[in-house]
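K.L.:
Any chance you can model this:
(2 chains)
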Protein chains: 2
Amino acid sequence: MPEIIPSDNVGIVTPQRHHFTTALALDCGRVLPQYELVYETYGTLNKARSNAILICHALSGDHHAAGYHHAEDRKAGWWDNCIGPNKPIDTQRFFVVSLNNLGGCRGSTGPISLNPETQRPYGPDFPIITVRDWVHSQAQLGALLGIEQWAAVIGGSLGGMQALQWAMTYPDKLRHCIAIASAPKLSTQNIAFNEVARQAIMTDPNFHEGRYYDYQVIPKQGLMLARMLGHITYLSEDAMRAKFGRELREGKLNFSFDVDFQIESYLRYQGRSFVDRFDANTYLLMTKALDYFDPASEYDHNLSAALAIAQAKFLVISFTSDWRFSSERSKEIVKALLDARKKVTYLDIKADDGHDAFLMPIPLYFSALKAYLKTVADESDEITH
Amino acid sequence: MPEIIPSDNVGIVTPQRHHFTTALALDCGRVLPQYELVYETYGTLNKARSNAILICHALSGDHHAAGYHHAEDRKAGWWDNCIGPNKPIDTQRFFVVSLNNLGGCRGSTGPISLNPETQRPYGPDFPIITVRDWVHSQAQLGALLGIEQWAAVIGGSLGGMQALQWAMTYPDKLRHCIAIASAPKLSTQNIAFNEVARQAIMTDPNFHEGRYYDYQVIPKQGLMLARMLGHITYLSEDAMRAKFGRELREGKLNFSFDVDFQIESYLRYQGRSFVDRFDANTYLLMTKALDYFDPASEYDHNLSAALAIAQAKFLVISFTSDWRFSSERSKEIVKALLDARKKVTYLDIKADDGHDAFLMPIPLYFSALKAYLKTVADESDEITH
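P.N.:
Take a look at the predicted model:
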């Protein structure tokens, strides 16, 4: 944390935790009789409870979206550049809620949690969770906080899928749906990459069919490979070239299998450091949630029909160099929304950073988001029920 | 093998083997005092020895490019659709030579071969081989067969890099250089994918720092993952969608980590079957040869300057949906050749199959190749020294 907290930072935040005892019926057919969710809030809920924003995180995200946990905290929350006083998601005007999703590994109930039935970690017995399951659990959190209707539900990537699902599952419980760098479903290639990542984890001898906690080991290599692969799909080819090119780490070829190129060093570092902060079973769950998301499938593959029930207004944002969830995928969403006569604003932002762009403070992106959310805030102020 | 050999098939072929005792100085600084190359030939060398074509294989290829090895052989050579009587590489007119490259695992000296100094497999002691090293060894094979000048050197992908290297290293020893679905060097993203593949192999606990032969195990999981990942980059996103879409293998989601989608099943099958026929150390070597290929690097990154020495005529072919080595990469080669005032024919073939297209009998591709090679054959007939 910087010595003086900048005026646009939410400062020190303390995660909160709630134990939910209302059973949650899951898409897989199983029921979670109880679960915990860890969350943070920034800003103040107004009297009309009309200014709440829900932040949905992506694959490796968590509840810590903004601010610092303590004075020595070196790293701010993952979306700190976007959430805070006078930032696009302005905490002077909004009450922002950010949670760790069910199945996560940062405090909410997930594979590393103790299964109350066995008093051992769930591990592979944790149920497969879908985007819709998340939305149901998030609705419980909203109810806990007394929020009858979100001013907006916002997410990037997998988080955008949650925002879209909110608009379909609880159409009257959000006024705006903001889906950034998202997709209406994974492409075959997206699924293929996820499958390689899963196989890397599941064939790691330390995986022990997901019961590695019992063996005091973790499937490090598998998780590292999954993350390295992920990083290739997060960066655009151009961004990779601009950042690393064919730069040699030691100025010459080694003629060995050690690191020759900077990009190799970068990927190995990203892979290794991920292992210390993320759980392999959670990674598997997140990739399945991505693979399974396909709201149109219940409507004869007609996305517009799936979205017909929505009442929210939509803001859809994509980035030109994103090849994981390309602009075309966002345009599919926009077209389906228009076909369903929904109100939708769409921005395709010129950016070199690939899928990662959704986390970057790109001026046009942030100013557009800020402008949009200002009208949402004004709207929220006018609500006085 | 079909019961009656089609008239356009080269029929049953027998691989040949030669033990070379002329030491080979390698780019890495080491010297191979002796080595063996396994090769096949199709067609007949004419009296002028002017009709020889060299086929250079790609990452997982070998010497068996056409025909069958015996009557019960179920699979023809890897480029059987292109090599044979009346096929684009017409064995009625050409003497075709196809070898397993040094470092390979199909008979030529490589990591699985016995190191004469230790009488144990080379394993990780096998030197890193470059594209230029291959070309030097291929030149020895040419000399053995009495070929002073190839009518053409032909290769796809990594094979195309060898063809280009021939034109630069032995400018007077080939009349035509045919580089298909190739690139003047790997992109950062290409290297990144190779690095993930290598890490998958090298972190497999059965890798034993490359000495797995001593332990009677193979790094199966790592090699399987490398191949799965490779397959994603060989197919275009469109081809994957057309072939597999989001088709479910059992008609429904399993809500488990078993195979849900057909694409997962395909990748697992490709990965598993590769393990039985390919050596992990060879895979590592092939990826390094790819990474290291960058002829312009010795000419201040001026590809045109690197190619200035070439005397061959060039045919460059790319495929519109290839994202591994995109058409842009071939166009870089063409531009550099034009800048160096070389004769070059370029075709960008509309194809949906991605990088794999170079192995497919796409009508326009094959008819163009056939027409080009007909003029090469006519030219060869006119040479009578």
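K.L.:
so where do the helices sit in the stretch 101-250 of chain A?
P.N.:
Taking DSSP state H, counting those that start in this stretch, the helices of the stretch 101-250 of chain A run over residues A:131-144, A:158-169, A:188-202, A:220-234, A:237-244.
K.L.:
now, of those, which is deepest in the fold?
P.N.:
helix A:158-169 (a mean of 27; mean count of other C-beta atoms under 10 Å in any protein chain shown). All C-beta spots, glycine's among them, are computed from the backbone N, C-alpha and C.
K.L.:
For residue B:75, which of the helices of the stretch 101-250 of chain A is the nearest?
P.N.:
The closest of the helices of the stretch 101-250 of chain A to residue B:75 is helix A:188-202. By C-beta to C-beta, the value is 25.0 Å.
K.L.:
and that closest one, anywhere near chain B?
P.N.:
Yes: on the criterion C-beta under 8 Å from any C-beta of the partner chain, helix A:188-202 is in touch with chain B at A:188, A:189, A:191, A:192, A:193, A:195, A:196, A:198, A:199, A:200, A:202.
K.L.:
Which helix runs longest in chain A?
P.N.:
The residue-count maximum for a helix in chain A (DSSP state H) belongs to helix A:363-382.
K.L.:
Show the low-confidence segments of chain A, by residue range.
P.N.:
A:385 (pLDDT under 70).
K.L.:
Show me which residues of the stretch 251-385 of chain A are close to chain B?
P.N.:
Near chain B, when you scan the stretch 251-385 of chain A using C-beta under 8 Å from any C-beta, you find A:253, A:255-257, A:260-261, A:263-264, A:267-268, A:271, A:284, A:288, A:291-292, A:294.
K.L.:
Selecting buried members of those residues in ChimeraX, what would you type?
P.N.:
Restricted to buried positions by 16 or more other C-beta atoms under 10 Å in any protein chain shown, the ChimeraX selection for these reads:
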select /A:253,255,257,260,261,263,264,267,268,271,284,288,291,292,294
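K.L.:
farthest pair in the residues of the stretch 251-385 of chain A next to chain B?
P.N.:
A:255 and A:294 (47.5 Å).
K.L.:
Could you pull up the residues touching the closest residue to chain B within the stretch 1-150 of chain A?
P.N.:
When distances are taken as C-beta to the nearest C-beta, the stretch 1-150 of chain A reaches nearest to chain B at residue A:28, 3.8 Å away. Counting by C-beta atoms under 8 Å, 6 or more residues apart in numbering or on different chains, residue A:28 touches A:127, A:128, A:130, B:255.
K.L.:
can you map out the strands along chain A?
P.N.:
Under the criterion DSSP state E, strands of chain A are mapped to A:16-20, A:24-25, A:31-32, A:35-42, A:52-56, A:83-84, A:89-90, A:95-99, A:114-115, A:120-121, A:150-156, A:174-180, A:313-319, A:344-349.
K.L.:
Save those as CSV, and put in mean neighbour count too.
P.N.:
Listed next are those as CSV, based on neighbours: other C-beta atoms under 10 Å in any protein chain shown:
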stretch, mean neighbour count
strand A:16-20, 14
strand A:24-25, 15
strand A:31-32, 14
strand A:35-42, 21
strand A:52-56, 28
strand A:83-84, 28
strand A:89-90, 24
strand A:95-99, 26
strand A:114-115, 12
strand A:120-121, 16
strand A:150-156, 28
strand A:174-180, 27
strand A:313-319, 25
strand A:344-349, 18
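K.L.:
and residue B:218, which of those strands is closest to it?
P.N.:
Relative to residue B:218, the nearest member of these by C-beta to C-beta is strand A:120-121, separated by 32.6 Å.
K.L.:
gap between residue A:342 and chain B?
P.N.:
24 Å (C-beta to the nearest C-beta, to the nearest Å).
K.L.:
so what's that residue up against?
P.N.:
With C-beta under 8 Å, 6+ apart, residue A:342 has these contacts: A:307, A:310, A:312, A:313, A:314.
K.L.:
Number of residues surrounding the closest residue to residue A:294 other than its chain neighbours?
P.N.:
Distances taken as C-beta to C-beta, 6 or more residues apart in numbering or on different chains place residue A:185 nearest to residue A:294, at 4.0 Å, with adjacent residues excluded. Neighbour count for residue A:185, taken as other C-beta atoms under 10 Å in any protein chain shown: 20.
K.L.:
Verify the stated contact: residue A:185 with residue A:290.
P.N.:
No: counting by C-beta atoms under 8 Å, residue A:185 stays clear of residue A:290, with 9.2 Å between them.
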